[in-house]
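Visitor: I would like to see how this sequence folds:
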Amino acid sequence: MRLKNICLVALIGMMSFLSYSQEGMPVYSDYLTDNYYLIHPSMAGVANCAKVRLTARQQWFGVDDAPSLQTLSAHSRLGDGPSAIGAIVYNDENGFHSNTGAYVTYAHHLLLSRNEVDLNMISFGLSAGFIQYKLDETSFLAPGEFDQLIAGIEQSATNFNVDVGMSYHFLDFYAHATAKNILNNEGINFNEQGFSFNNLRTYLLSVGNVFQKYGSDWSFEPSLMYMYRDATEESSIDVNIKAYREVDFGKVWGGLSYRRSLDGAQFLEGNTVSSQKLQYFTPFIGVDYNQFTFAYTYSYQANTINFNTGGFHQITLGYNFNCRREKYDCNCPAIN
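Guide: Presented below is the predicted three-dimensional model:
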């Protein structure tokens, strides 16, 4: 039983690594709710509208101090030129640990075709920002207790880092590549016995295509996203399918995402040692009503051993403004 508990703790740790919690903004499936800018800086200002997106994510309802995440992002073109700017602020809490960050982004979009009838564009993005890490030890000790490894205060540390990315759009096809946290930082170490590291680099690659039958109100978007964490050599892949339906007031859409770790964890099952790989099923649904976007995302962990079966809930609210006419003749919802 003790070994099983130890393995369970290790599994939870693996989950934290895969979501990159406490190491910058976590990578979940919220990018599928018209929010690719959260993970790819080259997507800032790529659309014909300026966009604001607010998300709130809560994990494991009924569990004290469960992980939660809030993000606010905004991005827009600068006039009619190729340049764009964006900004992201977020707050990520997980028990006694938390981190808060703010990034600003500059992106540049180069049209490779001779006119705007056909979409053929390459984009580059650079984000720079600060992340403040906190550890709240104020409730670790009872009044009068002493432990040389516990300061009993709220400790904090701040790091600066940079993300770079590139996107390519050709008609209904797109591809994104991003390197996050490319700078080495001083290790986050709140006490002499703590775990410390300075390599937070994460690599993301996304590809997808939108298919639509001529004259149909329906379109379908299969996509993939691959993640690789440099320090621990962990990786995972998302397999996604998204469907859109044109309606009088805008668009309704939804889909399903399946995330699977390419690395496993072992646990004791009876007298045998078994292994499992972290996997999530994430259905999502949304609606574009005039210039507003509403979306709901639910993630379910499908493993033999997991911390809680309650799932992870996320709500996304969005607003589009300063919209221009749809420029390109393509099935490209992220652009038009």
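
Visitor: where does the stretch 51-200 of the chain have low pLDDT?
Guide: Counting by pLDDT under 70, the stretch 51-200 of the chain has low-confidence residues at 61-62, 138-153, 186-197.

Visitor: tell me the contacts of N181?
Guide: 23-24, 161-163, 200-202 (CB atoms under 8 Å, 6 or more residues apart in numbering). The way it works is simple: take the backbone N, C-alpha and C, and place the C-beta from them, glycine included.

Visitor: Filter those residues down to the ones in strands?
Guide: 161-163, 202 (DSSP state E).

Visitor: tell me which element C330 falls in.
Guide: According to DSSP states H and E, C330 maps onto no helix or strand at all.

Visitor: residues near it, how many?
Guide: 20 (other CB atoms under 10 Å).

Visitor: ok now stretch 102-117, how far from the chain's centre?
Guide: 22 Å (CA atoms, centre = their mean, to the nearest Å).

Visitor: whoops, I mixed them up, stretch 36-44
Guide: 10 Å.

Visitor: try stretch 233-245
Guide: Counting by CA atoms, centre = their mean, stretch 233-245 comes out at 12 Å from the chain centroid.

Visitor: Quick one: mean pLDDT over it.
Guide: In this model, stretch 233-245 has an average pLDDT of 96.

Visitor: coming back round to it: JSON lines for the ones in strands among the contacts of N181, including neighbour count and distance to A243?
Guide: As requested, the ones in strands among the contacts of N181 are exported to JSON lines (neighbours: other CB atoms under 10 Å; distance: CB to CB, whole Å):
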{"residue": "N161", "neighbour count": "21", "distance to A243": "36"}
{"residue": "V162", "neighbour count": "15", "distance to A243": "36"}
{"residue": "D163", "neighbour count": "27", "distance to A243": "30"}
{"residue": "T202", "neighbour count": "22", "distance to A243": "29"}
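
Visitor: Go through those residues and say which is closest to Q58.
Guide: Distance ranking of the ones in strands among the contacts of N181 against Q58, using CB to CB, places T202 first at 23.3 Å.

Visitor: check contacts around that closest one.
Guide: 20, 24, 27, 179-181, 227-230.

Visitor: Need the contacts of N181 in TSV (columns: distance to D263).
Guide: As requested, the contacts of N181 are exported to TSV (distance: CB to CB, whole Å):
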residue	distance to D263
E23	17
G24	20
N161	24
V162	26
D163	23
L200	18
R201	17
T202	14
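
Visitor: ok, of these, which one's closest to N94?
Guide: So of those, ranked by how close each gets to N94 (CB to CB), first place is E23, at 11.0 Å.

Visitor: picking up where we left off before, got the contacts of T202 as CSV, with distance to L78 and secondary structure columns?
Guide: Listed next are the contacts of T202 as CSV, based on distance: CB to CB, whole Å; DSSP: H, G, I helix; E, B strand; the rest coil:
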residue, distance to L78, secondary structure
Y20, 30, coil
G24, 26, coil
V27, 28, coil
A179, 24, strand
K180, 24, strand
N181, 26, coil
M227, 31, strand
Y228, 33, strand
R229, 34, strand
D230, 33, coil
